[in-house]
Structures are given as C-alpha cells and as structure tokens.
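> Take a look and give me a structure for this.
(chains A and B)
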Amino acid sequence: MKQEYTITVYAENHIGLLVRVATIISRRKINIESLNTSPSESEGIHRLTIVIHETEEVVRKLARQIEKQVEVLKVYYNNNEEIIWQELALYKVPTDEIAEKVKVERLLREYGARAVVIRKDYTIFEASGHREETDRLVTALAPYGLIEFVRSARVAIIKDSKGFHEKLKEFEQTEPGPELIENEFLNRQQEVFTM
Amino acid sequence: MQPVAVIEEKEITKPATVISGGAAVLEAFLAEGVDTIFGYPGGAIMPIYDALYDYNEKLKHVLVRHEQGGIHAAQGYARTSGRVGVVFATSGPGATNLVTGLADAMIDSTPIVAVTGQVFAHLLGTDAFQETDVINITTPVTKWNYQVTDANEIPAVMAKAFYIARSGRPGPVVIDITKNAQLQKFDNPGYEKCTHVRSYRPKPIVRKQYVEEAAKLINAAERPFVVFGQGVILGKAEKEFRCFIEKTGIPAAWTILGLSALPTDHPLNVGMLGMHGNYGPNLLTNECDVLIAVGMRFDDRVTGRLDKYAKQAKVIHLDIDPAEIDKNVKATVGVWGDCKETLPMLTKLVETKVYPQWVEKFRTCDQEENKEVIFEELHPSNETLTMGEVIRNLNELTNGDAVIVTDVGQHQMVACRYAKFNQSKSNVTSGGLGTMGFALPAAIGAKFGAPDRTVVAVIGDGGIQMTIQELGTIMQTEVNVKIMILNNQFLGMVRQWQQLFHDRRYSFVDIASPDYVQVAKGYGIEGQKVTDRKDLRAALERMLAHPGSFLLEVMVGKENNVFPMVPQGCSVSEIRLK
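Numbers count the residues shown, from 1 in each chain, chains lettered A, B, ... in the order given. Model (predicted):
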C-alpha cells in the first residue's frame, strides 16, 4: 500500500550530495513531494528530510541505495505515525480588506497564525502545522484577496530517535560497533510517548 | 652559528616540497602503485600532461585513440590485474566520452579512478570553451566524484579516490580538477593513504548469527545449489569459495562475471546461469531447496521472470553490498560481508557432504543439452563454420590458460558458454551494461594488466566497428593482443530476436564490414581471414604463435542462433533448447 513516508538522511555537508540523493529517487520515476535540507543536532552533519508517496518496499530499497552513498552516514524512513512534523506557510493579504471584513483576531486564534508584517497595503501571516491545516487557512483567506501563498518543505522529528551524537562517535572510529553496522531502521515507536 | 642551526631545524621538520597540482596527481599515482595510465590529452588537462613529461620513466602512459577506449582499457587492466585502473581525459568532450565506460564500470563493480581536466575555476558556469558539468553528468554512474579547485586538496582527495574505488564493492570514481588547481604550486605535505572515511562503511563486521543460520539451512538441505558471481573474484576469495563447495559437495553455477572464479572443468562446476546459460543450472534453479548466492546480484538476465524464480527455495545471499540483499530476490538469510571472510566462517560450520543424485541431475541435463545444442555447435556437421567450433579450437590450443575478452552479443554468449578457464580473472566482458565496442580497448588494458598472459579478444563484426580506432593504440604501443573477429555479417543477437520474436523482420541488422585484414595491415598488424574449416586450426595456431598482435577474421554462419535461451519474460524453467 502506498502511503506517505518521510526519509531522514544524515550526511556530510558536501556539494553534489543533494543531486546524488535526488537522482536515486528520480531515476525510479518517483516524485519528491517535499525536500528540506538543514543542519542536524550533530555539528557538521547535514540532515535531509524527504517526503515521498510510495510502498514500504520501495522506500526500504530507496533508503538502502541512499545509505550506500559514500557521503551518507545513516538513513531512516518512517510513516506519519512515527514522526512529529510541521510545515511553515506564509500568506500575504490586502490590509484594508482584512481589517474591514474579517475578525482577524478570531482568524488568527483559530488557525494558530500570527501576523509577521502589517503594512498599509498588505499584511503577512505565518502559520505552521500539517498540510491540511495550512491549506485550510488558504481557503479561509481566499475570499479576502490572497495575494501570495508559500509553504515550506516538511521538517520532521522521529519520535523514537535518540539523536545522532552517539552514532556519530561510532562513525568516527575505524572499527565501529555491531549496532552501527546493522542496516536496520528505527522501528520502536510504541515505546515512545505520543501527543 | 645560531641562525644556521635554526634554518637546519626548519628543514628537518618540514620535508614538504613545493610542487604543482598536476605533479601531485602523479605523486599520488606512484604512492598507490599505479604503473599504467590510459589517456588522451587536451586543453584543460595540459598541466597534468606537462608534469607527466617528467614522470615518463616511472609511469607508463598509453595514448588511446578515443577516451571511451581509454576507460575500457583501464577496465580491462583492472579486471586482469585486480588493481585500480586509471584514466585521464580532458574537460568537455573528453570527459563526456568517458561516461559509457563509467556506467559500465559502475554496474560491473570495476575499480577505476578517472581524472578529468576542467576549465579554470573562475570560468565555471560561464559556458567556457570545452566546459561541461562533469560532476553532475557523472553522478549517477560513479561510486563517488569530486571537483578540485585548489591544489592543496589534491593529495587527500586522490587518496580518498583510490580508497573508495577499490574498497567494499568497487566502482568508478571521477576526480575533476580545474586547470588553475593543476597549475597551482603548493606546499605538498606528502601523501598519506586513506584508510577511513567516516560516512563510508566498505565492509561490515560479519554477524555470526547469520552465518550460523545459513549453515543450519545448508546442513539440512537435500538439493542445495550455489550461484556465484564476480564477488568471489573481487573479494579474492577463489580459494575460500572452492573450499566451501568442495566440503559441502554443492553444485555451483556462475553468472558471466563470475566466470573463471572456479575452473571450468571442476567437477562441481555445473555451468552458466541466465538467458543463454546452460540447461541444467536454469532448469534446476526451480528444483533446488536451498539456493546459496555468493557475490552476485540476481540480474534480470540471470533470474528471468522474477515471480517464478526459485520460489520453492530458501535463499541465502552473501554480499558485501547491503543494498543488494533483498533487492530482487528476497533472502531467507542475508549474510552481509566480504565473502573472503564469510565463506571460511560458513565452511567451518557446514558438514562434509556429497549429493551424488542431485549432481547427477545436472549431468543428465548436460547430456540433453549436449545432444540438442552443444555437440552440433562444437562439431558442426555441415560446412558452415560456427562460433562454437572456433572457441573449441581456441580452447584446445590455449589449454584454457588465455585471458578471453569478449564484446557484446552472440559471440559473447558463445565464448562464455564454451571457453575453458583454469585460473581466475581470465574472463573480461561487459556484463551489466552490455557495451558494444568494449572488447578491443579492454583487451589492450587486459594485456597491460597481465603482461605474461595470452590475451585474446573475441569480437563480433558489429562491436569491432564501434571502437576499431584502437588498432592505432595497438600499433603505437606494440601491445600483443590477439583479435578474433567472428563475422556473421549481421548484428547477430538483435537479428536472432527479430527472427524469434518479430517475425523475421530484419530491421537494420544487416551490417557491412570493411576488409579487416587490410585495415589491420594499414595499422601494421598482421592478419588473416578464414572462410573454410580446413584453414581454421592453422590460422589459430598462426595467430597464437605470432610474436605480436594479430587479427583473425573468421566467417561464421550468417543465421546461427544461440541456444539454449530463456525468452524475456519467461521463467528459468521455461528454458528452450531450440
């Protein structure tokens, strides 16, 4: 069954790595729904968060192919149950319209949004959440002349992850422990407190 | 007094010398034990070639006639020597001409370090003369690639390149060096070999638990079957592999890249797998109860229809690349590791056994295949020459001691099916990518990689015309390569498929040939053309006895087919003998 999977890649921050990872996905004619690159909890280690819609088998094979790349340290993949994730959205609307016709305060409270900039001609709101939530605010603002809308890639935290610091120490040793060598993915979400 | 002493001390603590980036590349080669470079100069790699002028006595440079020839030669060198093949090309077209060879080396796990020149760093991205985005073009076909813009990086980057190319599952590495970095003089701190890259795990510590599980399955098996690939050769585990099958008594069949890892006349060698492999190994894949795959990747040409492949069997998969385990065939037990280590561990735990009845089944299949296909191919009853009889005669004259380099197509399948091999690293062919034009340049490299051995390139009339310019390389280097063209006046394999699957609609497979003997003569290479059986043996003898390179063209049956065959989309057990 196809579903949304979030692939988390811990890698060296090297030029060309992003293309290398992207070609592994695109050569199999799989669309990247969302892609984010950021620093990670470990200094010098880059973290890519990739969202694709595929079956578990395809995602597992992809994860192994990505992990095989020289500059990649570790790859995890998780379904939506196993992660906490957010996306950030920005909305630009005409200030006069919004001030006149909308109960801005109610709108902001209802969608967890906040105003980032308020000018005479336009106002920019910011909201974060899951896609459906940020989409709902688009719908709500549309009647008031939404000028611009943009949404960021997904950022996700794996519920069960203990972070990368310990693993990184092992990677830096010439002879790593068996735990690291094992090509397994985190799969113990039930042990973790969920919100 | 004192100032002098200070200066002396400085000299002792600072052995570094100022050299150019280009010279640093060559210093790296020397430190890595490189003796031969295949290459072609051009504008953006000139500083490296300038440095090479001074290294002429320590490093042999083979000037090829096309960069594709250069990389195929480096592949041939790597395959017969077991070392890293090295190739130079300039920027732009020089680098793009390497791409086919890189893809070939990638899919066939051949260790290659390709150094390409690049335009000056300040010109990157300006569409400068002979500029191409080499890093992005080669990313999907390299194990690793890197662009150097500062000479200070060169020693460490080259060390990393060689380490990555040869360790773990080997593969090609491209190092793209901008011209300014090649020219740049820098304080060379000296060369230090790379032994560890933190984000890269070439091989794991083998988990004993999986070896034990595998041994348990093997000990309980009634009809176990071993399928092996190039992993045995790349892991230099031929001896370990032999010990394993001899103790367990398990029949073993090979993929075409695994060919020569086990002598062809070994009693447990039951032949070739795959589309044009032997009858027994294909048919009985679907009858074994435990399938033990060693250093192979279950390519579609080996498995045929995947959902009908060895479904009855428990599968043990030994591989150094964890991404291969469960990729195509789900393993009951995956043993991740270098087979040089895993095989002895397994051998220790398995019981000494023989399976006379089971092995006999393979021999019965052989008899049937012999009756239907092999005998007529090797000893034809009509006057048309067959590819098989040429290979049989070659076997008889070389006693299986030659290195055989094949191109792609019918002659490749025939040569792999019938050639005899006594020692490892003797079969060089383009397996995964199926690159026509591979054999002639690869044979040149193969000879440089194994100078004491006889190297015979077996090539079709299609493939030879793709890289025939490398006769020029043979002429200039006087490398002793025997070139055997099996000419059926067709692009034979495509014609065979058109005959079998497209109602004999022979669409553009009728290929004309030049007078090869005359062409060879133009390059100062002796040659002979054989059209009659009575001349074949003597011609082969002449070819092998000739002190230098020799081109032998043999006219073979125009519409002969290669059988047995597992048609595309069919199960291995649906193998056809005719």
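> Going by C-alpha atoms from here, please, whenever you check contacts or count neighbours.
Noted.
> Now do the SS call for the residue sitting furthest away from the middle of chain A.
Distance from the C-alpha centroid of chain A, by C-alpha atoms, centre = their mean, peaks at A:Glu100 (35.9 Å). Here A:Glu100 is helix, with the state taken from DSSP: H, G, I helix; E, B strand; the rest coil.
> measure it to chain B for me?
Distance, A:Glu100 to chain B, using C-alpha to the nearest C-alpha, to the nearest Å: 51 Å.
> now the helices: where do they sit in chain A?
Along chain A, counting by DSSP state H, helices occupy A:17-26, A:56-67, A:95-101, A:104-111, A:131-141, A:165-172, A:178-181.
> okay, those, which one's buried deepest?
Most buried of the helices of chain A, by mean neighbour count (mean count of other C-alpha atoms under 10 Å in any protein chain shown): helix A:56-67, with a mean of 20.
> tell me the domain boundaries of chain A?
Annotated domains of chain A cover A:3-83+A:156-187, A:84-151 [automatic domain parsing].
> What's the end-to-end length of the last one?
Think domain A:84-151. Criterion C-alpha to C-alpha, to the nearest Å; first-to-last residue distance in domain A:84-151 is 17 Å.
> Buried residues in stretch B:379-394, which are they?
For stretch B:379-394, a neighbour-count test (16 or more other C-alpha atoms under 10 Å in any protein chain shown) marks B:385-394 as buried.
> Out of these, flag the one nearest to chain A.
Nearest to chain A among these: B:Met387, at 38.1 Å, using C-alpha to the nearest C-alpha.
> What confidence value was assigned to the closest residue to chain A within chain B?
Chain A sits closest to B:Ser199 of chain B, with a gap of 4.5 Å, by C-alpha to the nearest C-alpha. Looking at B:Ser199, its pLDDT reads 89.
> And for A:Arg106?
pLDDT, A:Arg106: 79.
> Same check on the one 10 residues further on?
The score at A:Val116 is 93. That number is its pLDDT.
> In contact with it, which residues are there?
Counting by C-alpha atoms under 8 Å, 6 or more residues apart in numbering or on different chains, A:Val116 touches A:123-126.
> at 6 Å instead, please
Contact analysis of A:Val116 by C-alpha atoms under 6 Å, 6 or more residues apart in numbering or on different chains lists A:124-125.
> picking up where we left off before, quick one: the helices of chain A as JSON lines, columns for distance to A:Gln86 too.
Formatted as JSON lines, the helices of chain A follow (distance: least, C-alpha to C-alpha, whole Å):
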{"stretch": "helix A:17-26", "distance to A:Gln86": "22"}
{"stretch": "helix A:56-67", "distance to A:Gln86": "21"}
{"stretch": "helix A:95-101", "distance to A:Gln86": "26"}
{"stretch": "helix A:104-111", "distance to A:Gln86": "14"}
{"stretch": "helix A:131-141", "distance to A:Gln86": "8"}
{"stretch": "helix A:165-172", "distance to A:Gln86": "23"}
{"stretch": "helix A:178-181", "distance to A:Gln86": "29"}
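> hmm, back to that, how near is the residue farthest from the centre of chain A to A:Pro94?
Using C-alpha to C-alpha, A:Glu100 is found at 10 Å from A:Pro94.
> Kindly report the same for B:Gly117.
Going from B:Gly117 to A:Pro94 by C-alpha to C-alpha gives 55 Å.
> What is the burial count for the closest residue to chain B within chain A?
Nearest residue of chain A to chain B, counting by C-alpha to the nearest C-alpha: A:Leu73, 4.5 Å away. Other residues near A:Leu73 come to 22 when the count uses other C-alpha atoms under 10 Å in any protein chain shown.
> Give me the nearest residue to it, chain neighbours excluded.
With C-alpha to C-alpha, 6 or more residues apart in numbering or on different chains as the criterion, A:Leu73 has its nearest non-adjacent residue at 4.5 Å, and that residue is B:Ser199.
> Can you give me the neighbour number for the one you found?
When neighbours are counted by other C-alpha under 10 Å, B:Ser199 comes out with 20.
> Next: B:Gln312.
For B:Gln312, using other C-alpha under 10 Å, the count is 14.
> Now do it, the pLDDT please.
Predicted confidence (pLDDT) for B:Gln312: 97.
> before we move on, what SS does it have?
Look at B:Gln312: counting by three-state DSSP, its state is coil.
> Mind giving me the packing neighbours of the top strand by length along chain A?
Looking across chain A with DSSP state E, the single longest strand is strand A:83-94. Applying 3 or more C-alpha pairs under 6 Å, 6 or more residues apart in numbering or on different chains; DSSP states H and E, one finds that strand A:83-94 contacts strand A:122-129, strand A:148-151, strand A:155-158.
> would you list these in JSON lines and tack on distance to chain B, mean pLDDT and mean neighbour count?
Shown next, in JSON lines, are these (distance: least, C-alpha to the nearest C-alpha, whole Å; pLDDT from 0 to 100; neighbours: other C-alpha atoms under 10 Å in any protein chain shown):
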{"stretch": "strand A:122-129", "distance to chain B": "33", "mean pLDDT": "94", "mean neighbour count": "19"}
{"stretch": "strand A:148-151", "distance to chain B": "28", "mean pLDDT": "96", "mean neighbour count": "14"}
{"stretch": "strand A:155-158", "distance to chain B": "21", "mean pLDDT": "94", "mean neighbour count": "20"}
